[in-house]
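> any chance you can model this:
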Amino acid sequence: MGEMLGNLGSVMAALMFIWAMFQQYFPHDLRRHIEKYSHRLMKVFYPYIQITVPEYGRNHFMRNEVYTAIETYLSSNTAVQAKRLKADTAKNNHSLVLTIDDHEEVEDEFEGVKLWWASSTITARNQTFPFYGQPDEKRYYRLTFHKKHRDLITKEYLSHVLREGKAINVRTRQRKLYTNNGSMWSHVVFDHPATFHTLAMEAEKKREIIEDLVSFSKAEDFYARIGKAWKRGYLLYGPPGTGKSTMIAAMANLLEYDVYDLELTAVKDNTELRKLLIQTSSKSIIVIEDIDCSLDLTGQRKTKKENEAAEEEEKDPIKKQAKVGDSDQGKTSKVTLSGLLNFIDGLWSACKGERLVVFTTNYMEKLDPALIRRGRMDKHIELSYCSFESFKVLARNYLELDSHHLFDTIERLLGESRVTPADVAEHLMPKTSVADAETSLKSLVQALEMAKEEAMLKAKEEAKEKESSAREED
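Numbers count the residues shown, from 1 in each chain. Here you go, the predicted model:
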């Protein structure tokens, strides 16, 4: 037995030596012809067909969705056979997901036909900087099956694998919160607890928004029939502290979408913005918060008066120099209004379906009308100061109260003052371990009375200013 193994080792070593000599000393054209005809010869004696699925497609922009679906399918159905596995956290970090490791092979069966999946990698000889996020190490799956089952595998089995893989991925995937650094996205697990149930808003308005979102998520056939990209724009506007960011989290949790938080000031130009759009996935929300502060997008369409003022500045050398200095210091992004409009509803916006685009702003009047018209921002949602109905939601969330003798006083004061849900929530938040509901509500009543007095003083001052202005005009 030992002698047999020794002879086998010698034969293998000789074959490896011959192959190395062949690779090194035979001319390239000769090697190419020998390999070509050897492959043809193998086809005669080798009865198996192989299909390779690379991790990245030819466009190099994003990960191959087919590869992802196969990876999910194999981890669920065949990973139990593998001896070498890779482990990652599953949804909500409560368990592990096992996938087959590189250079591992597993067996699958479909309608009585056996086939084999292998996970492999190829490392580029010349290491380069990975462009578009694509690494030098190329991963791929290889499917091997007998040629007599070609039609069954290519027409039925592969469709079955993709369908099952996508369904499993939807059920088990971790939702992610993405942010951009230049033209690349990075992410963390999205685990925000906000829901529409806990959102401080009138019940009727909640119902309207929920119905709109659910209807959109089920409208793939409708959008295809009317010839529009399957996306919808939402503009959330209102004073600071009215729950715009919380609304976005509630939307993502309702639909189980990923969130892409786009920081426009970190985007170099329109081309980079387009690359970011291409890399986003379906079932996602693309968010630009405080869009009125992100870039000077409104400055590209100036009124006649603004143009005259700009001309005056150009004539004054001191003002002109100051303006140039401010521009060079503050403006690093060359994203234009036109580029952003194309990002929202241009041709490239249709590269993926089932996406929401959400803008938030504290000052809607500052935004260019072209940016927020219907068709781009389809639904405008105002998030205003705290109403009594919103307060009751907060009282139930923070104090577990549905009624209290101070509720009538709070209802009256809310109607006479303007405070945000964030301000109300701060007073309802227990400050000590022994704090009770009575203490929190009394604190809120006191704050509302102060807000009412401040509003009355402000109104008197404004009235005086108007009166004095009227007298000066007379």
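> quick one, what contacts Lys442?
Lys442 sits next to Leu406 when contact means CB atoms under 8 Å, 6 or more residues apart in numbering. To be clear about C-beta, it is placed using only N, CA and C from the backbone, and glycine gets the same treatment.
> may I ask which helix or strand encompasses Val358?
According to DSSP states H and E, Val358 maps onto strand 355-361.
> note down every partner strand of that strand and its orientation.
Here strand 355-361 is paired, per DSSP bridges, with strand 231-237 (parallel), strand 284-288 (parallel).
> what does the longest one contact?
It refers to strand 231-237. For strand 231-237, the external contacting residues (CB under 8 Å, 6+ apart) are 216, 244, 247-248, 251, 344-345, 349-350, 353-364, 372, 375-383.
> let's see it at 7 Å
The contact list for strand 231-237 (CB atoms under 7 Å, 6 or more residues apart in numbering) reads 216, 244, 247, 344, 349, 355-361, 364, 372, 376-383.
> what does stretch 184-196 give?
Against stretch 184-196 from outside (CB under 7 Å, 6+ apart): 133, 174-179, 206, 210, 246, 249-250, 252-254, 258-260, 276, 279.
> end-to-end on it?
Using CA to CA, to the nearest Å, the end-to-end distance of stretch 184-196 comes to 31 Å.
> now stretch 452-472: buried residues?
Using 16 or more other CB atoms under 10 Å as the burial criterion, the residues of stretch 452-472 that qualify are Lys452.
> which residues does Asn253 contact?
With contact set as CB under 7 Å, 6+ apart, Asn253 has these partners: 192, 194-195.
> which residues of the stretch 251-400 of the chain fall in helices?
Counting by DSSP state H, counting those that start in this stretch, the segments of the stretch 251-400 of the chain that form helices are 270-279, 291-294, 304-315, 317-330, 337-345, 369-372, 388-399.
> tell me, which of those helices is the model least confident about?
Of all those, mean pLDDT reaches its minimum on helix 317-330 (a mean of 47).
> picking up where we left off before, any idea which of the contacts of Asn253 is closest to Glu461?
Ala194 (37.9 Å; CB to CB).
> show the backbone phi and psi for the closest one.
Backbone geometry at Ala194, expressed as degrees, to the nearest 10, gives phi -70, psi 140.
> how far away is it from Thr265?
As judged by CB to CB, to the nearest Å, Ala194 and Thr265 stand 26 Å apart.
> more neighbours: the two, which one.
Taking other CB atoms under 10 Å, Ala194 and Thr265 do not tie; Ala194 has more neighbours (18 against 12).
> which pLDDT does the model give the residue lying closest to that one once chain neighbours are set aside?
Leaving aside its chain neighbours, Ala194 sits nearest to Ala249 (3.9 Å; criterion: CB to CB, 6 or more residues apart in numbering). Note on Ala249: pLDDT of 96.
> which parts of the stretch 51-200 of the chain are helices?
Using DSSP H, counting those that start in this stretch, the helices found in the stretch 51-200 of the chain span residues 65-77, 150-152, 158-172.
> can you point out the buried residues in the longest one?
Put plainly, it is helix 158-172. Per 16+ other CB under 10 Å, helix 158-172 contains these buried residues: 158, 161-162, 164-166, 168-169.
> tell me the angle that helix makes with helix 65-77.
Here helix 158-172 points in a direction 70 degrees away from that of helix 65-77 (axes from the mean of the first three to the mean of the last three CA atoms, to 10 degrees).
> can you show me the CA trace of helix 158-172 as CSV?
Backbone C-alpha positions of helix 158-172 (Å, rounded to 0.1, in the frame of the first residue of the first chain) are rendered in CSV as follows:
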residue,chain,number,x,y,z
LEU,A,158,-32.3,27.7,-12.2
SER,A,159,-35.6,29.6,-12.1
HIS,A,160,-36.5,27.7,-9.0
VAL,A,161,-33.2,28.6,-7.3
LEU,A,162,-33.6,32.3,-8.1
ARG,A,163,-37.2,32.3,-6.9
GLU,A,164,-36.4,30.5,-3.7
GLY,A,165,-33.3,32.5,-3.0
LYS,A,166,-35.0,35.9,-3.4
ALA,A,167,-37.9,34.7,-1.2
ILE,A,168,-35.6,33.5,1.6
ASN,A,169,-33.6,36.8,1.3
VAL,A,170,-36.7,38.9,1.8
ARG,A,171,-37.7,36.9,4.9
THR,A,172,-34.3,36.8,6.6
